[in-house]
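Student: Kindly return the folded structure for what I paste below:
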Amino acid sequence: MGELVKAQLIELKQDFQSEKDGGQRVAVQFNPETLKVTFANQIVQPQGGDQAAGNSGRQFVGAGTTKLALTLWFDVTAMTEDAVDDVRRLTQKVIYFMTPAPAEGDATKLAPPGVRFIWGSFLFDGMVEGLEESLEYFSPDGKPLRANLTLTLSQQKILEAKFEGEGKVPARPGHKPLNSAKAGDSLQSMAGAGGKGGFGFSASVGGGLGGGWQAIASANGIEDPLRLSPGQLIDLDVKAGAGFGAAVSAPSLPSPRISVGATLAFD
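Tutor: All right, here's what the predicted structure looks like:
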C-alpha cells in the first residue's frame, strides 16, 4: 500500500496561476471526507421574444464559475509531534487565506491571496470566498482543542479536470479479480452465474474433487456455501481438481448418494 497523500493549501500569486515564493503552505491534519464541486453559468433573459409562449430564449453571459466546498478537521489531542495547547494555533494558518492584503501592482487596493487546494490528482486554483470555524472540546482552562473549518473556494471559470495517460489500472502480479457476494447470494448461485457449475453432479475417478462450486468452496475456505456475507470476496476462477468433472443444471435432483463403482453425487 502506498504512502498516504495529505491535502495541501498553497498560496498563489494574485494571478491565480503560479505559487508565491515564500508564501503560506498548509498541510491538512486530516484529509476531508468529501469534496463538493459546483458549476454555474450566469444567464440572462434577453429583451424581445414572446415570453408568454416560452420562446424568449436564453443567452450565456461570462465564463461561468466553479466553487469547491470542503470541511477540514483539526485536533490538538491527536498530534504526535509539536503538539500545541490551542487548536486556533493551527486553524489561523488556514484563516490566513481569508485575510486581505495589498493588491499586487496597486497597494491602495486590498485583495485576498490566491490559494491552490491540491490533493493527489485533484487541483483547484482560486480564492477563499467563505470560511466558517466551529470550536469544540475545550480544556479545563477554556482553550479549544478541536475545530472544523468549512471552506468555500471559487474560481472565475469552469474547472476542467486534466488526466495523464489512459487511466487504466495496471495489473498487479499475484492478484486476480474477485467477485463480491450480494445479499441473498449462495455460492451455488454465484458459481452458476459465472459458468463454473452451480448445481449438479460431479464424477471423479481416482479421488479428488471435480470442478464446480465444491472446488470453489474448498479453495476459498467456505464452510457454508448457502450463507455468504454480503460483500464477501470470492475467487470463482478455480481450476478443476484431479479426475474429471461434469456439471449438469438440475436443481431439483434428489440428494441421496449411490455407489456404483465410481462415485456419483447428486446435490
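
Student: Just checking, which helix or strand succeeds the helix or strand bottoming out on mean pLDDT in the chain along the chain?
Tutor: Within the chain, no helix or strand scores below strand 203-204, which has a mean of 38 by mean pLDDT, DSSP states H and E. Later in the chain than strand 203-204, the nearest helix or strand by DSSP states H and E is helix 213-220.

Student: buried residues in that following helix?
Tutor: In terms of neighbour count (16 or more other CB atoms under 10 Å), helix 213-220 has its buried residues at 213, 214, 215, 216, 217, 219, 220. Where you see a C-beta, it was placed from the backbone N, CA and C, and this is true even at glycine.

Student: got it, and stretch 15-28?
Tutor: Neighbour-count burial for stretch 15-28 flags 16, 20, 24, 26, 28 (criterion: 16+ other CB under 10 Å).

Student: how far does that stretch stretch from start to finish?
Tutor: End-to-end distance of stretch 15-28: 24 Å, with CA to CA, to the nearest Å as the criterion.

Student: Same question for stretch 94-101.
Tutor: 15 Å.

Student: got the contact list for it?
Tutor: 9, 11, 24, 26, 72, 110-113, 115, 127-128, 131, 133, 149, 151 (CB atoms under 8 Å, 6 or more residues apart in numbering).

Student: Out of those, the closest to residue 187 would be?
Tutor: Nearest to residue 187, judged by CB to CB, of the contacts of stretch 94-101 is residue 72 at 44.6 Å.

Student: related to what we said a few turns ago, need the buried residues of stretch 15-28 in CSV (columns: pLDDT).
Tutor: Output for the buried residues of stretch 15-28, formatted as CSV (pLDDT from 0 to 100):
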residue, pLDDT
16, 76
20, 87
24, 90
26, 92
28, 91
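
Student: Could I get those in TSV, plus columns for distance to residue 78 and secondary structure?
Tutor: Putting those into TSV (distance: CB to CB, whole Å; DSSP: H, G, I helix; E, B strand; the rest coil) gives the following:
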residue	distance to residue 78	secondary structure
16	33	coil
20	30	coil
24	22	coil
26	17	strand
28	12	coil
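
Student: Would you tell me which one of these comes nearest to residue 39?
Tutor: Proximity of the buried residues of stretch 15-28 to residue 39 (CB to CB) peaks at residue 16, which lies at 17.5 Å.

Student: Ramachandran coordinates for the residue lying closest to that closest one once chain neighbours are set aside?
Tutor: In space, residue 16 comes closest to residue 114 once its chain neighbours are excluded; the distance is 4.4 Å by CB to CB, 6 or more residues apart in numbering. With angles defined as degrees, to the nearest 10, residue 114 sits at phi -70, psi 150.

Student: No further questions, thank you.
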